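**Q** Build me a model:
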Amino acid sequence: MIIYRTDPRTGRPMDVRVTQARARARSRGDLELTEKRKIVAYLENPVSCGLWHLRADWLKDSGISADVWAEVEKETAGKDFVTIKSGKRERKIKASEEWKNGLREEVQVKLTFLFMLFEYLAKEDIEEEEEDEEQYGPDHEATQLILDLIDVSGIKSKYAIAINFFKDNLLYPQFRPLASKQRPTKLKNGFFLMQKSPREEGSLAAIAWSGAPLQDLKSFLTLVGKTANIEVMPVFSPEEEVFAPYFQLLGLCYETVVPQEHLQPFIQKALTNFSEENYSDCVSAIGLASEDVLTQIYETLFREQLTKGLTLGQLTDELNNRAASKFKKKSEPPPDMGTLFPELKAAVDDPNLSVAQSVELLRKLLALTIESNKHCLNRIERIGRADPKYQIWTNATNHAVTELIRYRNAASHKSRIPIGPMECRCAAYSFVVLIRWWLNERSVIDWNASPDEIIRECVERDSKQ
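**A** Have a look, this model is predicted:
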């Protein structure tokens, strides 16, 4: 579906697909290394890391939005055309209802507008520069048009406290006033990422890896009168809330989590399918990536090519069965009583058998009988007792692979498990656990050891975890 937005300069519909695609492509590059590490830590263990959440009701017509729109109305009331002066340029724009509705939406329901407005108000010296249109797109055009249209002196006076707070707690030299679901927004004290947009859902929800940026955002929005019932809290449970932004965050740094380039198209496909609500296809893409990783593990550790076309379950069985075979002990045969028969026959036939010889023969007979009884008891005790479990990976990885098999089978219509957003998130998390275990395992293996020694070390190391 082609998305159109009203161009504030002309009032005509405008195709913004290219702008959105460029914004998505740039979003991952904005993250600092420390922030990427925090996201990777979350992706590896969401419940352990948790997230900070901000939730608020968005007051569409209140606070600064009402004041800014009152200024716009003052400048446009009763006019068919408005004249905009920006530097040396002068433009004449038809003040149609469609044009005004586009401006009203910008003022009332966009957090980006507030950031751009306050960046403008917070700067004492404003120089006319050629703005980077790709950086902000149509949001910047609309904001600049409003600023050129109205007198901001009254707003600057009324919201002086909010401006000072913005300067002290949100603004920093490289501040980029763009808030969206596709890219994180960096404030002075850290990043946050929107989950619910006021424009789309009438409420605001955002997440962060520490409380500081969300507390600053909460204070700012309260000062400008744009929110009610606003709350900032860390969340570690329930699972549905903690995992809710999993794909959103995976999309920001999947190249870091999955550095193997040949696997990245699978992740890209899973991300696309998830955004398009093709949940079965999303799980299938993750399953294909998982099969590739299991094949890598098998062929790397056992140094032989694996049969093509095996399912996740078959690959897992092959891996663990081959690993367990390195630890199987040969079953001990029962004591052979027949070894004593020649001596017994000789004793029976010997008329001169001494007492000492008889005692020695009885001692041997009793020893063999005791060993035979022990063997029988051990065999009886082992009945129903599970053999020691030898795994090629940790218990957490084994659980992740089991979950992947379950969801992959469900996506292939082999079970009745419904596939929805939560199942996709769990499948993606399970894949991350698997790939991160393998990347770590490769780094600690002594590759100078023989294949059998490597496998034994892997099993002994990981079975304890």
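**Q** okay, residue 415: pLDDT?
**A** For residue 415, the model assigns a pLDDT of 62.
**Q** Oops, could you answer that again for residue 455 instead?
**A** The score at residue 455 is 86. That number is its pLDDT.
**Q** Same check on the one 3 residues further on?
**A** The predicted local confidence for residue 458 comes out at a pLDDT of 85.
**Q** Now do the strands in the stretch 51-200 of the chain.
**A** Secondary structure of the stretch 51-200 of the chain (DSSP state E, counting those that start in this stretch): strands located at 51-58, 81-86, 89-94, 185-187, 190-196.
**Q** Distance from the shortest one to the middle of the chain?
**A** Meaning strand 185-187. Centre-to-centre, strand 185-187 and its host chain are 19 Å apart (Cα atoms, centre = their mean, to the nearest Å).
**Q** what does it contact?
**A** Strand 185-187 is contacted by residues 30, 115, 169-170, 172, 174-176, 178-179, 191-194, 213, 216-217 when judged by Cβ atoms under 8 Å, 6 or more residues apart in numbering. Heads up, the C-betas are built off the backbone N, CA and C, glycines and all.
**Q** Weed out the non-buried ones from the residues you listed.
**A** With burial judged by 16 or more other Cβ atoms under 10 Å, the buried subset of the contacts of strand 185-187 is 30, 115, 169-170, 175-176, 178-179, 191-194, 213, 216-217.
**Q** now, which of the residues you listed sits nearest residue 109?
**A** Set against residue 109, the nearest of these by Cβ to Cβ is residue 179 (11.7 Å).
**Q** circling back: inside helices: which ones of the contacts of strand 185-187?
**A** Among the contacts of strand 185-187, DSSP state H puts 115, 169, 213, 216, 217 in helices.
**Q** Now do the contacts for the second one.
**A** Residue 169 makes contact with 187, 188, 189, 216, 219, 220 under the criterion Cβ under 8 Å, 6+ apart.
**Q** In stretch 224-242, which residues are buried?
**A** 224, 225, 226, 227, 230, 232, 242.
**Q** The last one falls within a strand, correct?
**A** Yep, that's residue 242 we're talking about. No. Read with DSSP: H, G, I helix; E, B strand; the rest coil, residue 242 is helix and lies in no strand.
**Q** what about it, distance to residue 436?
**A** 18 Å (Cβ to Cβ, to the nearest Å).
**Q** again with the fourth one
**A** Using Cβ to Cβ, one obtains 38 Å as the distance from residue 227 to residue 436.
**Q** what do you get for the third one?
**A** Going from residue 226 to residue 436 by Cβ to Cβ gives 40 Å.
**Q** From the rest of the structure, what touches stretch 442-462?
**A** Under the criterion Cβ under 8 Å, 6+ apart, residues 300-303, 322-323, 326-327, 390-394, 397, 441 lie in contact with stretch 442-462.
**Q** what about stretch 252-268, average pLDDT?
**A** 93.
**Q** got the buried residues for it?
**A** 252, 253, 254, 257, 258, 263, 266, 267.
**Q** residues in contact with the last one?
**A** The contact partners of residue 267, taken as Cβ under 8 Å, 6+ apart, are 250, 254, 258, 285, 286, 289.
**Q** any idea which helix or strand carries the closest residue to residue 437 other than its chain neighbours?
**A** Nearest in space to residue 437, with sequence neighbours left out and distances taken as Cβ to Cβ, 6 or more residues apart in numbering, is residue 397 at 4.4 Å. Assigned by DSSP states H and E, residue 397 falls within helix 395-411.
**Q** circling back: looking at the contacts of residue 267, which are in strands?
**A** Of the contacts of residue 267, none are assigned to strands by DSSP state E.
**Q** Of the ones in helices among the contacts of strand 185-187, which is the nearest to residue 368?
**A** For these, the nearest to residue 368 is residue 213 (78.4 Å; Cβ to Cβ).
**Q** wait, isn't that closest one in contact with residue 184?
**A** No. Counting by Cβ atoms under 8 Å, residue 213 stays clear of residue 184, with 9.7 Å between them.
**Q** Out of the contacts of residue 169, which comes closest to residue 413?
**A** Among the contacts of residue 169, and counting by Cβ to Cβ, the member closest to residue 413 is residue 187, at 46.4 Å.
**Q** what's around that closest one, how many residues?
**A** 21 (other Cβ atoms under 10 Å).
**Q** For it, report the pLDDT, please.
**A** pLDDT at residue 187 comes out at 93.
**Q** about what we covered before: any idea which of the buried residues of stretch 224-242 is closest to residue 101?
**A** Among these, and counting by Cβ to Cβ, the member closest to residue 101 is residue 226, at 19.6 Å.
**Q** contacting residues for the closest one?
**A** Residue 226 sits in contact with 58, 59, 62, 63, 64, 65, 114, where contact means Cβ under 8 Å, 6+ apart.
**Q** out of the contacts of stretch 442-462, which are inside helices?
**A** Mapping the contacts of stretch 442-462 onto helices (DSSP H) picks out 300, 301, 302, 322, 323, 397, 441.
**Q** Which one among these sits at the bottom for pLDDT?
**A** Among the ones in helices among the contacts of stretch 442-462, residue 323 has the lowest pLDDT, at 79.
**Q** How about the backbone phi and psi for the nearest residue in space to that residue that is not next to it in sequence?
**A** Once flanking residues are discounted, residue 323 sits nearest to residue 392: 4.4 Å by Cβ to Cβ, 6+ apart. Main-chain torsions, residue 392, degrees, to the nearest 10: phi -80, psi -10.
**Q** Thought residue 294 was touching residue 392, still the case?
**A** No. Residue 392 is beyond contact range of residue 294, at 9.8 Å (criterion: Cβ under 8 Å).
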